[in-house]
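>>> turn this into a structure:
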Amino acid sequence: MIKNAVLVRGRNLINLKNFSYIKEMRDRMTDLLEARIEHFDEICAIDQEVIGDFSRRDYLLTAINEKRCIIQQTEKGIAGFLIFTNDFFDNSFISLVIVKPTERRKGIATTLLNFYVEMAATPKIFSSTNQSNTSMQKVFEMAGFIKSGYIENLDDGDPEIIFVNFK
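Numbers count the residues shown, from 1 in each chain. All right, here's what the predicted structure looks like:
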């Protein structure tokens, strides 16, 4: 499924006028893969590096087994990953975007988001981040997401902002 999305995305990029941009994006897109069980340990290590523990191991394993995890691979290994569902009020939802700290500010999160938007099963794609996470809010905006609302009382004193992207 994801492999076909890369090919479709690649064909669509050829229609753009700026060839260097096309090549750069095509090179990035070919590094986007459906996570497999052999990626599990590296994904868990990145997650642990970011959040400080292994509390999401079962969650990550389930996402990989259910083919709901996309990775961006570089010559150094996995640079980041995205986990999604399709059961958010019958819409797609990106539940997690994690980028390895040494790979941040290189467009990894934006590339993962853009790739998922192209392959999403529904025309509306939702995600969220805490109000305090201004970096992720900027990433969402760069990827064409707009604010859609917020949820209070998930984290004390730090509302969750909901974002949406319309395909």
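>>> list the contacts of the lengthiest strand in the chain.
Among the elements of the chain assigned as strand by DSSP state E, the one spanning the most residues is strand 77-88. Surrounding strand 77-88, the residues in contact under the criterion C-beta atoms under 8 Å, 6 or more residues apart in numbering are 35, 39, 42-43, 46, 59-60, 63, 68-73, 92-100, 103, 106, 108-109, 112-113, 115-116, 120-122, 126. Just so you know, the C-beta spots here come from the backbone N, C-alpha and C atoms, and that holds for glycine as well.
>>> what do you get if the cut-off is 6 Å, keeping everything else the same?
Residues outside strand 77-88 that contact it (C-beta atoms under 6 Å, 6 or more residues apart in numbering): 42-43, 63, 68-72, 92-100, 103, 108, 112, 116, 121, 126.
>>> just how off-centre is it within its chain?
The gap between the average C-alpha position of strand 77-88 and the chain average comes to 5 Å, counting by C-alpha atoms, centre = their mean, to the nearest Å.
>>> can you tell me the average pLDDT over the next helix or strand after it?
Per DSSP states H and E, strand 77-88 leads on to strand 91-99 as the next helix or strand towards the C-terminus. Predicted confidence along strand 91-99 averages 98 (mean pLDDT).
>>> where does this protein have low pLDDT?
Residue ranges of the chain with pLDDT under 70: 1-30.
>>> could I get the full set of strands for it?
Counting by DSSP E, the chain forms strands over residues 32-34, 69-74, 77-88, 91-99, 124-130, 146-151, 160-166, given from the N-terminal end onward.
>>> dump those to CSV, plus mean neighbour count.
Formatted as CSV, those follow (neighbours: other C-beta atoms under 10 Å):
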stretch, mean neighbour count
strand 32-34, 18
strand 69-74, 21
strand 77-88, 20
strand 91-99, 20
strand 124-130, 21
strand 146-151, 12
strand 160-166, 18
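>>> for V50, which of the ones you listed is the nearest?
Proximity of the strands of the chain to V50 was assessed by C-beta to C-beta; the nearest stretch is strand 91-99, lying at 5.5 Å.
>>> correct me, but V50 touches K100?
No - with contacts counted by C-beta atoms under 6 Å, V50 stays clear of K100, the gap being 7.8 Å.
>>> who has more neighbours out of these two?
K100 (22 against 14; other C-beta atoms under 10 Å).
>>> count the neighbours of the residue lying closest to that one once chain neighbours are set aside for me.
Spatial nearest neighbour of K100, chain neighbours left out: I46 (4.9 Å); criterion: C-beta to C-beta, 6 or more residues apart in numbering. Other residues near I46 number 24, with proximity taken as other C-beta under 10 Å.
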